[in-house]
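In: only the shape, not the letters, is given here:
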């Protein structure tokens with residue numbers, strides 16, 4: 001089956017650019033058809049669809065009434081979150097999870113207050129706010145939220161006046177934030193103005209004095225910002241597959257809504273590295289420095305200022321190796337290095353790596369690598385010494 005898909009969106013945000021890329025890539029790789037795009041043009045979306053004359057449509061930022069009109073004539077799937085009750089199927093971001101990820105990244109980075117900037121429109125922003133608030137409540141972190149709606153125009157009033165008043169309120173909110181605040185910005189279009197206010201008017205230094213995570217995909221000029229990595233290409237791919245199934249089985253339309261989890265958080269220049277990862281690196285460096293002293297996990301916990309159980313739980317919660325596995329890997333790493341690059345005896349290597357005897361090293365090495373240290377040395381020693389001599 002070869003199909004023509006039109007992607008239409010009234011805005012040209014990075015998220016929709018990536019969704020369109022996912023649609024086009026899926027079509028090309030599978031030889032499934034071709035993509036035609038209409039984004040950010042002054043032409044009405046429904047008129048654009050008629051001009052493109054595709055088999056099916058993927059709708060980005062398009063008004064619900066327009067989606068209803070398009071959907072009466074051809075299969076349509078939306079990729080922009082809308083309130084419940086709409087009649088067309090959608091493949092969208094799991095926006096509650098987006099908010100949770102962004103808030104968790106800021107809290108784990110050590111910021112003591114969470115501030116959330118919510119745009120005046122967009123149901124998906126409210127979902128992100130919900131996720132962030134849930135995390136803050138669970139962690140017991142104080143929260144400040146800026147959530148203002150734009151009022152209806154009054155007689156003799158211009159939109160520029162309303163927008164200026166909105167920006168003035170937002171500016172006052174930003175300037176009043178306490179030190180060591182982590183700011184979650186729900187929409188990419190706000191990021192440049194937010195940074196300008198905080199850096200040039202309040203002289204806040206990122207990431208030491210304040211952190212910022214964008215709960216959206218950034219524009220090219222803002223790629224240095226920490227942001228939640230939305231699975232836009234995957235959403236595009238799923239839209240294609242759902243539409244193809246729909247064309248094959250017209251009586252079985254796709255699920256009303258499919259939510260796709262974000263990929264994670266891209267740690268850019270506007271957020272400190274998570275405290276737990278700093279701790280992990282500190283443990284690694286300390287173990288290598290004291291390795292000959294037969295370090296134990298209890299020693300690592302004491303250095304970190306916590307009990308062994310607390311240290312194990314802290315690392316496990318963030319998907320990091322346990323203290324025992326970290327210590328074992330460091331010992332094995334040093335043992336491999338010495339076996340390959342030196343002529344030290346197995347007994348001397350065992351002592352250098354913190355083992356009480358050569359047999360203890362041999363047992364651990366065999367469990368870790370499936371062979372004895374002497375066997376591993378025969379396979380790797382010549383290459384290791386040649387490299388070492390070359391240095």
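Out: Received, thanks. Being a predicted model, the structure only gives us computed values, none of them experimental.
In: now do the helices in the stretch 1-150 of the chain.
Out: Listed in chain order, the helices of the stretch 1-150 of the chain (DSSP state H, counting those that start in this stretch) span 14-30, 45-52, 64-71, 95-108, 123-139.
In: can you say which of those is nearest to residue 313?
Out: Between residue 313 and the helices of the stretch 1-150 of the chain, the shortest separation by Cβ to Cβ is 14.4 Å, and it involves helix 95-108. The way it works is simple: take the backbone N, C-alpha and C, and place the C-beta from them, glycine included.
In: helices or strands next to the closest one in the packing?
Out: Using 3 or more Cβ pairs under 8 Å, 6 or more residues apart in numbering; DSSP states H and E as the contact criterion, the elements in contact with helix 95-108 are strand 113-118, helix 123-139, strand 181-185, strand 210-214, strand 226-229, strand 264-266.
In: so which of those gets nearest residue 29?
Out: The closest of the helices and strands packed on helix 95-108 to residue 29 is strand 226-229. By Cβ to Cβ, the value is 21.5 Å.
In: give me the sheet partners of the closest one and which way each runs.
Out: Strand 226-229 has these partner strands in its sheet, going by DSSP bridges: strand 210-214 (parallel), strand 264-266 (antiparallel).
In: got those strands as CSV, with mean pLDDT, mean neighbour count and distance to residue 6 columns?
Out: Converted to CSV, these look like this (pLDDT from 0 to 100; neighbours: other Cβ atoms under 10 Å; distance: least, Cβ to Cβ, whole Å):
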stretch, mean pLDDT, mean neighbour count, distance to residue 6
strand 210-214, 94, 27, 29
strand 264-266, 89, 17, 30
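In: ok, the residue nearest to residue 86 when sequence neighbours are not counted to residue 90 distance?
Out: Of all residues not flanking residue 86 in the chain, residue 64 sits nearest, at 5.8 Å (Cβ to Cβ, 6 or more residues apart in numbering). With the distance defined as Cβ to Cβ, to the nearest Å, residue 64 ends up 11 Å from residue 90.
In: what bridges to the nearest residue to residue 243 once chain neighbours are set aside?
Out: The spatial neighbour of residue 243 that comes closest, neighbours along the chain excluded (Cβ to Cβ, 6+ apart), is residue 56 at 4.5 Å. Residues in a beta bridge with residue 56, per DSSP bridges, are residue 5.
In: contact partners for residue 56?
Out: Contacts of residue 56 were listed using Cβ atoms under 8 Å, 6 or more residues apart in numbering, and they are 3, 4, 5, 6, 74, 75, 76, 77, 243, 246, 247.
In: switch the cut-off to 6 Å
Out: 5, 74, 75, 243 (Cβ atoms under 6 Å, 6 or more residues apart in numbering).
In: show me which of those is closest to residue 222.
Out: Using Cβ to Cβ, the shortest approach to residue 222 within these belongs to residue 5, at 29.0 Å.
In: quick check, that closest one in contact with residue 35.
Out: Yes - counting by Cβ atoms under 6 Å, a contact exists between residue 5 and residue 35, whose distance comes to 5.3 Å.
In: quick one: which of those two has more around it?
Out: For residue 5 and residue 35, the more surrounded residue by other Cβ atoms under 10 Å is residue 5, and the numbers stand at 28 against 22.
In: count of neighbours near residue 378?
Out: The burial count for residue 378: 12, using other Cβ under 10 Å.
In: where are the low-confidence patches of the stretch 251-391 of the chain?
Out: Counting by pLDDT under 70, the stretch 251-391 of the chain shows low-confidence ranges at 274, 317-319, 381-391.
In: in it, which spans are helices?
Out: Going by DSSP H, counting those that start in this stretch, the stretch 251-391 of the chain shows helices at 275-289, 297-304, 308-317, 323-341, 346-352, 358-369, 373-390.
In: any chance of the ones you listed in CSV, plus distance to residue 69?
Out: Written out in CSV, the entries for those read as follows (distance: least, Cβ to Cβ, whole Å):
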stretch, distance to residue 69
helix 275-289, 50
helix 297-304, 61
helix 308-317, 49
helix 323-341, 58
helix 346-352, 75
helix 358-369, 64
helix 373-390, 68
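In: picking that back up, what's the spacing between the residue nearest to residue 86 and residue 76?
Out: The span separating residue 64 from residue 76 equals 11 Å under the rule Cβ to Cβ.
In: which of these two has more residues huddled nearby?
Out: A side-by-side neighbour count of residue 64 and residue 76, using other Cβ under 10 Å, places residue 76 first with 25 against 16.
In: what's the closest of the contacts of residue 56 to residue 103?
Out: Using Cβ to Cβ, the shortest approach to residue 103 within those belongs to residue 243, at 34.0 Å.
In: got the angle for whatever helix or strand the closest one lives in vs helix 14-30?
Out: Using DSSP states H and E, the secondary-structure element containing residue 243 is helix 232-248. Per axes from the mean of the first three to the mean of the last three Cα atoms, to 10 degrees, the angle that helix 232-248 makes with helix 14-30 is 60 degrees.
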